[in-house]
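Engineer: starting from these lines, generate the structure:
(one chain, ligands or ions: 1)
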Amino acid sequence: MTVMGRPDGRKRHHNKAIRSMSWRSQSMTGAGRRNWFRTCPDARLACSLRNLIVKKNDGTLADHWPGDGWLQNFRFCLALLWVPMKTLLTDVTVKLGRAGKRAFRAAIDNRIADFHMPAKMPGDLLLTFDDGPHPDYTPRILDLLDEFDARAVFFMIGARAERHPDLVRACHDRGHVIANHTYTHLDTCAGGRYSRAQVAEDIERCSAVLQGAAGQTTHHFRPPRGELNTKTWGAAKATGHRMMLWSVEGGEWGRRRHLSAAEISDFVTKAVRRRDILLLHDDNEKTLRITADLLSRLRKERFDLTSAVASLR
Ligand SMILES: [Zn+2]
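Structural biologist: Numbers count the residues shown, from 1 in each chain. As a prediction, the model looks like this:
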């Protein structure tokens, strides 16, 4: 590779050679080029390769490429392998993380908390709704459940239940189970500012409201945001509740909050399997669509959607 120098000894030819070897658009300038460079790892790799191949300290091209010394050759090989190595490492880390989470859940499933339906529980699926009751959405969810002859567990927030005792009663009277989701949707994380005693107090306050409205004692507790730790477990035991989490979630307020109702519905209807515990939230519009789509699929597949809840009442 030979590049002629300019008579005045400046580096114009060299820069031109660099541009022609790089993969970026010639028309890009200024901020556009900088942003493109920042967001494209391949562009960074291309530029580092280009520097190794053509750049020498005096600004002329290398006579041999990748380079003259072992260090340059080593860096060249590293740069070449960087993208596949990084992809592989990320992939392995993600898979190990998922496997660890699955193993952890399997070890405590049905022992400390229910992620799936307990072995002796009849039925095919346990539908659960969190964060209600909501005056706009809970009644419509109840109508949908009636239409498809399905029953669910409602993990209610005590403060909301206190404002809408008629909805709590309606849920109970129409064959569903009322369960505890704390009075204030308390932040129950392990290192959080509330003690185990305060979590237990919040659970009891919620229980009192729900019992006052529906005349039913709560036996199941789901910690807000699914916080499973010694604090929530201890508080649940102290107040006579069993911990119930979930195996599939809609994620309307969580990881899938940016998706449309149709997209979440598509995910949920494909993800749900027999013996799953499904988490949805009866405080938003999207859940109506998700519930309707899911129930019509499950009806076609002849899922038993009543026995599980009946066994909890
Ligand atoms: Zn919640």
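
Engineer: what about the residue nearest to K286 when sequence neighbours are not counted, neighbour count?
Structural biologist: In this structure, K286 finds its nearest non-sequential neighbour in A261, 4.0 Å apart by CB to CB, 6 or more residues apart in numbering. For glycine as for every other residue, the C-beta is placed from the backbone atoms N, C-alpha and C. Number of residues near A261 (other CB atoms under 10 Å) recorded here: 18.

Engineer: what residues are up against R174?
Structural biologist: With contact set as CB atoms under 8 Å, 6 or more residues apart in numbering, R174 has these partners: L142, L145, D146.

Engineer: out of everything not next to it in sequence, what's closest to the second one?
Structural biologist: What that stands for is L145. When the adjacent residues along the chain are set aside, L145 lies closest to A152, with 6.0 Å between them (CB to CB, 6+ apart).

Engineer: now do the last one
Structural biologist: Once flanking residues are discounted, D146 sits nearest to R174: 6.7 Å by CB to CB, 6+ apart.

Engineer: mind pulling the model confidence for that neighbour?
Structural biologist: In the prediction, the pLDDT value recorded for R174 is 96.

Engineer: where's the residue nearest to L145 relative to the ion, distance?
Structural biologist: 15 Å (CB to the ion, to the nearest Å).

Engineer: what does that residue show for phi and psi?
Structural biologist: Backbone torsions of A152, given as degrees, to the nearest 10, read phi -140, psi 170.

Engineer: oh, and call the first residue 37 from now on, that's how I've got it
Structural biologist: Done: numbering now begins at 37, and the last item shifts to A188.

Engineer: I'd say it and T164 touch.
Structural biologist: Yes: using CB atoms under 8 Å as the test, A188 is close enough to T164 to be in contact (6.3 Å).

Engineer: between these two, tell me which one has more neighbours.
Structural biologist: For A188 against T164, the residue with the higher neighbour count under other CB under 10 Å is A188, and the figures read 27 against 24.
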